[in-house]
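> Fold the following.
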Amino acid sequence: MPDRITIIGAGAWGGALANLTQINGYEPTIWSRNCGQILTDTIVDKVAIVSAVSMSGVRSVVEQLAGSIEPSQIIVTATKGLDAKTNFTPAQLWRIAFPNNPIVVLSGPNLSLEIQQGLPAATVVASQDSLAATKIQEIFSSPKFRVYTNDDPIGVEIAGTVKNVIAIAAGTCDGLKLGNNAKSALLTRGLAEIIRIGQYWGGKTETFYGLSGLGDLLTTCNSPLSRNYQVGYGLAQGKTLTQILADLQGTAEGVNTTKVLIQIASQNQIYMPITVLVDRMLQGQITAQEAIIALMSRDRKSEY
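Next up, the predicted model:
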């Protein structure tokens, strides 16, 4: 009998992760707020607990599981975002609550719809516990889903989180039909911002050039399937953020992530001009066209 796992979150991402484990013969238990099951009952005798809920639901899930997870159970976080109350990443919230458990971060260029369609993809599972990372690699790997291990969980997590903000900018760029030159410049300078804030958090530079960094950035910034991209595209067409979010299927984590990043960058004097302008657009302080003018009119400087 294969090891059993629980996936918390029955949305598109949770469903995609469940399908991947089933390829290898696993029978995952999927829990959601509306499933009628008690969460603590679903994790009994499971080798791994995978959290695929939105950022706003992470703290609630962590609190519900307090005192119920065995030290041997692997906790996998597949959420990309920052907690608005504490500024912590999902893995940091899990680590505080369960200091004796192995924590694994799963992140990469993974559009859930493409994975559900059986299209090939790759991802990263990162942990300071190499055995836990290898176990999760085994559970999710298949001929259609290549899984790499990594020993830099904070770098992997921050890369996947911050690129959502750049994806909003990318959607705006495409919505305004600014062309390939502008898009390439935006993504390159956006990656510089990801590396800058990621290094502040302690992430390794090479991580940001890998699948969870550059790979995820390219996917999210170039696909209409990305909810964050859709937010930027809608802003470029003159829609309000309220209108865009009302029509959006699922959560665009970049919206709330931007607010937290601005606070952290300001407090620590981290230069993030694209993030600042995305924040001003989201707040309705400037239009998409004004944001582009502001970005192009900054003081001349060296690339590095």
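> So the most centrally placed residue in the chain, which state does it fall into?
Centroid-nearest residue in the chain: Lys80, 2.5 Å away (criterion: CA atoms, centre = their mean). Applying DSSP: H, G, I helix; E, B strand; the rest coil to Lys80 yields a three-state assignment of coil.
> just Ile30 next, same as before
In three-state terms, and counting by three-state DSSP, Ile30 is strand.
> Quick check: beta-bridge partners of it?
Ile7 (DSSP bridges).
> wait, what's in contact with it?
Shown in contact with Ile30 (CB atoms under 8 Å, 6 or more residues apart in numbering): 6-7, 9-10, 14-15, 18. The way it works is simple: take the backbone N, C-alpha and C, and place the C-beta from them, glycine included.
> Now do the contacts for the residue nearest to the centre of the chain.
55, 90, 107, 157, 160-161, 164, 253, 257.
> sorry, back to before: name the member of the contacts of Ile30 with the most neighbours.
Among these, Ile7 has the most neighbours (other CB atoms under 10 Å), with 27 neighbours.
> wait, isn't it in contact with Cys35?
No. Taking contacts as CB atoms under 8 Å, Ile7 lies outside contact range of Cys35: 11.3 Å.
> Most neighbours of all the contacts of Lys80, which one?
Most surrounded of those: other CB under 10 Å gives Gly160, at 31 neighbours.
> Please identify which helix or strand holds that residue.
If you go by DSSP states H and E, Gly160 is part of helix 153-175.
> where exactly do the strands run in the chain?
Remark: strands assigned in the chain by DSSP state E are 5-8, 29-31, 48-51, 74-77, 103-107, 121-126, 145-150.
> nearest to Leu282, of those?
strand 103-107 (23.1 Å; CB to CB).
> For the closest residue to Ile286 other than its chain neighbours, grab the count of nearby residues.
Closest residue to Ile286 in three dimensions, ignoring its sequence neighbours and counting by CB to CB, 6 or more residues apart in numbering: Arg280, at 4.8 Å. Neighbour count for Arg280, taken as other CB under 10 Å: 17.
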